[in-house]
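> For reference, the sequence and a predicted model appear below.
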Amino acid sequence: MSKFALLLNHPLDRYVDIPEDDYINIIKDYVAWVQDQVEKGIYVSGHKLSTAEGRRLNKTDSGIEVLDAPTTEIAEILGGIMIIQTDSLESAVEIARSHPHFVHNDSLEIWPLDESVD
């Protein structure tokens, strides 16, 4: 079995001013999907990224520049990551097709993990 990261992107303002009941229902959708994948032995782990300020570090000629993140020029931010395990990238794609992220957002990315460095 190989492991894959699901990168859950969303627009910067996706969850701004969303009614609390709507947000709770979104969380319930994600939790239900995770529970289903756990029962199937697919879900490994996941984390929602904090809405607190992050930092972006850029290498410059004079050293490392530290900026507030996300920067305003990006259209989407990474809202969270989930790790799943399955036989192939194709299988990971099929599993991801059922993710509730597509009910509430437009895209996610799948990346195989390089387990040779674990």
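Cool, got the structure.

> can you pull out the strands in this structure?
Using DSSP state E, the strands assigned to the chain run over residues 2-11, 43-48, 54-60, 63-69, 76-86, 109-112.

> Output the ones you listed as TSV; include the columns mean neighbour count, mean pLDDT and distance to residue 92.
Just so you know, the C-beta spots here come from the backbone N, C-alpha and C atoms, and that holds for glycine as well. As requested, the strands of the chain are exported to TSV (neighbours: other Cβ atoms under 10 Å; pLDDT from 0 to 100; distance: least, Cβ to Cβ, whole Å):
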stretch	mean neighbour count	mean pLDDT	distance to residue 92
strand 2-11	18	92	4
strand 43-48	14	93	12
strand 54-60	10	86	27
strand 63-69	10	87	27
strand 76-86	18	89	5
strand 109-112	13	95	5
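
> right, so of those, which gets closest to residue 101?
When these are compared by Cβ to Cβ, strand 2-11 sits nearest residue 101, at 5.3 Å.

> That closest one vs strand 43-48, what angle?
Angle of strand 2-11 versus strand 43-48, following axes from the mean of the first three to the mean of the last three Cα atoms, to 10 degrees, is 30 degrees.

> Going by contacts, tell me the helices and strands next to strand 2-11.
strand 76-86, helix 89-97, helix 101-104, strand 109-112 (3 or more Cβ pairs under 8 Å, 6 or more residues apart in numbering; DSSP states H and E).

> who's in contact with it?
Residues outside strand 2-11 that contact it (Cβ atoms under 8 Å, 6 or more residues apart in numbering): 44, 46, 75-89, 92, 96, 99, 101, 104-105, 107-113, 115.

> Partner strands of it and their direction?
strand 76-86 (antiparallel), strand 109-112 (antiparallel) (DSSP bridges).

> Let's have the strands of the chain in TSV, adding distance to residue 33.
Below are the strands of the chain laid out as TSV (distance: least, Cβ to Cβ, whole Å):
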stretch	distance to residue 33
strand 2-11	11
strand 43-48	9
strand 54-60	25
strand 63-69	27
strand 76-86	9
strand 109-112	15
